[in-house]
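[1] Mind looking at a prediction? Sequence and model below.
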Amino acid sequence: MKNKVTKAIFPVAGLGTRFLPATKSVPKEIMTLVDRPLIQYAIDEARAAGIKEFIFVTSRGKGALEDYFDHAPVLEQELRKKNKTELLEILKNTNMDSGEIAYIRQHKAMGLGHAVWCARRLIGNEPFAVILPDDVIAAEKPCLQQMVEAFQENPGCMVAAMEVPRTKTSSYGILDVAEDMGTHVSVRGMVEKPEADAAPSNLAVIGRYILTPNVMRNLNRIKAGSGGEIQLTDAIAMEAAEGRPVNGYRFSGQRFDCGSKAGFLQATVSFGLAREELRDGLMEYLQDLLHVDKAAQ
């Protein structure tokens, strides 16, 4: 097995029902956060981490997602004619060269573990990343890049982790910590969505993973777990149970859950304020809003 991570799986087969009716015709992954679709943030993060091969696990109705990464000759020609070089450069970043990207269908919604397993033949005997586009992470150094660098020093499965309130553990995969070394955490196991009183810690798994090919073999062996789905956390936990290293990585950055409406709105405000050309107008509006709200009280 080589040690360099050059492949990433993007599980994007979900229906996005929490965002209906918008997602009736638009895949959730291309919903726009400020001026870029969610999937573009994930792709940019993967590229910064050195990923060269992008594997999308999709489902029926995701054609717009595939089209997004294709070249748009008519649009490019029009921008070139009008000498709009800045817009051409922005457009260039959305294009994928032939052979860089692959699409695989997940025909049944059987969970994240099953979605990852669908890409097994394209992974082969190499370590690989998994990125969930719903989790958008604002960081000075992109989260996956932090993890890839850490993986070079600590080979073995690695999951992004952050502390959550005990009352929220039932929404996450939770780490069973063997040893806490600060940024790195040695993991003895993982529990999928435990209730607060049964959670082994409050350290939650976030949607960034670097996994060894053993995980694919584990996914071949496991049966449906929590919620009747094949859980990725179960396959990773098997690595720890069989004595192979599994690490949690406390990343530096702020995570937004853009799979929820509230998280999407929070991300929109935060990313908007981070943009120099938008900051003043948006801040002024928010302050006016706050002032009106206080006056009303």
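    Perfect, thanks for sending it.
[2] all helices of the protein, in order?
    38-48, 63-68, 73-81, 85-92, 112-117, 120-123, 143-153, 214-221, 232-241, 261-273, 276-296 (DSSP state H).
[3] closest to Tyr249 out of the ones you listed?
    With distances scored as CB to CB, the stretch of the helices of the chain nearest to Tyr249 is helix 143-153 (5.4 Å). Where you see a C-beta, it was placed from the backbone N, CA and C, and this is true even at glycine.
[4] how about the CA coordinates for that closest one, as PDB?
    Coordinates of the C-alpha atoms in helix 143-153 are reproduced here as PDB (Å, rounded to 0.1, in the frame of the first residue of the first chain):
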ATOM      1  CA  CYS A 143      -9.000  20.700   6.800                       C
ATOM      2  CA  LEU A 144      -8.200  17.800   4.400                       C
ATOM      3  CA  GLN A 145      -4.700  19.300   3.800                       C
ATOM      4  CA  GLN A 146      -4.100  19.400   7.600                       C
ATOM      5  CA  MET A 147      -5.200  15.700   7.800                       C
ATOM      6  CA  VAL A 148      -3.100  14.600   4.800                       C
ATOM      7  CA  GLU A 149       0.000  16.100   6.400                       C
ATOM      8  CA  ALA A 150      -0.800  14.400   9.700                       C
ATOM      9  CA  PHE A 151      -1.400  11.100   7.900                       C
ATOM     10  CA  GLN A 152       2.200  11.200   6.500                       C
ATOM     11  CA  GLU A 153       3.400  11.100  10.000                       C
END
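[5] now the residue nearest the centre of the chain: how far from Gln254?
    Centroid-nearest residue in the chain: Leu132, 2.4 Å away (criterion: CA atoms, centre = their mean). From Leu132 across to Gln254, the span is 16 Å (CB to CB, to the nearest Å).
[6] Then Glu100?
    Applying CB to CB to Glu100 and Gln254 gives a distance of 29 Å.
[7] Kindly report the same for Ser170.
    Per CB to CB, Ser170 is found 22 Å from Gln254.
[8] Grab the nearest non-local neighbour of Leu75.
    Closest residue in space to Leu75, ignoring its immediate chain neighbours: Leu91 at 7.0 Å, by CB to CB, 6 or more residues apart in numbering.
[9] ok, the one you found - contacts?
    72, 75-76, 79 (CB atoms under 8 Å, 6 or more residues apart in numbering).
[10] out of the residues you listed, what pair is the most spread apart?
    Ala72 and Leu79 (9.4 Å).
[11] out of those two, which sits in the busier spot?
    Set side by side, Ala72 and Leu79 show more neighbours around Leu79, with 18 against 14, by other CB atoms under 10 Å.
[12] Can you check what pLDDT the model gives Lys62?
    What the model reports for Lys62 is a pLDDT of 72.
[13] one step back: how much space separates the residue nearest to Leu75 from Ala46?
    Counting by CB to CB - Leu91 and Ala46 are separated by 19 Å.
[14] now do Arg250
    Distance from Arg250 to Ala46, by CB to CB: 20 Å.
[15] Just confirm Asp134 contacts Phe256, I think it does.
    No - when contacts are counted by CB atoms under 8 Å, Asp134 is not listed as touching Phe256 (9.1 Å).
[16] Report the buried residues of the helix or strand of the chain with the lowest mean pLDDT.
    When the helices and strands of the chain are scored by mean pLDDT, DSSP states H and E, helix 63-68 comes last with a mean of 78. Buried residues in helix 63-68, counted by 16 or more other CB atoms under 10 Å: 65, 68.
[17] Need the residues that contact it.
    Residues outside helix 63-68 that contact it (CB under 8 Å, 6+ apart): 12, 26-27, 29-30, 37, 39, 56, 58, 94, 103.
[18] Run the chain-centre distance for it.
    Taking CA atoms, centre = their mean, to the nearest Å, one finds helix 63-68 lying 18 Å from the centre of the chain it belongs to.
[19] leaving aside the residues next to it on the chain, what's closest to Gly16?
    Closest residue in space to Gly16, ignoring its immediate chain neighbours: Lys28 at 3.1 Å, by CB to CB, 6+ apart.
[20] ugh, wrong one, I meant Met238
    Asn218 (4.5 Å).
[21] Then Leu112?
    Leu232 (4.6 Å).
[22] Enumerate every residue touching that neighbour.
    By CB under 8 Å, 6+ apart, the residues touching Leu232 are 111-113, 116, 130, 173, 209, 215, 219.
[23] same thing but 10 Å
    Neighbour list for Leu232: 11, 111-117, 130, 159, 173, 190, 192, 205, 209, 211, 215, 218-219, 222, 225 [criterion: CB atoms under 10 Å, 6 or more residues apart in numbering].
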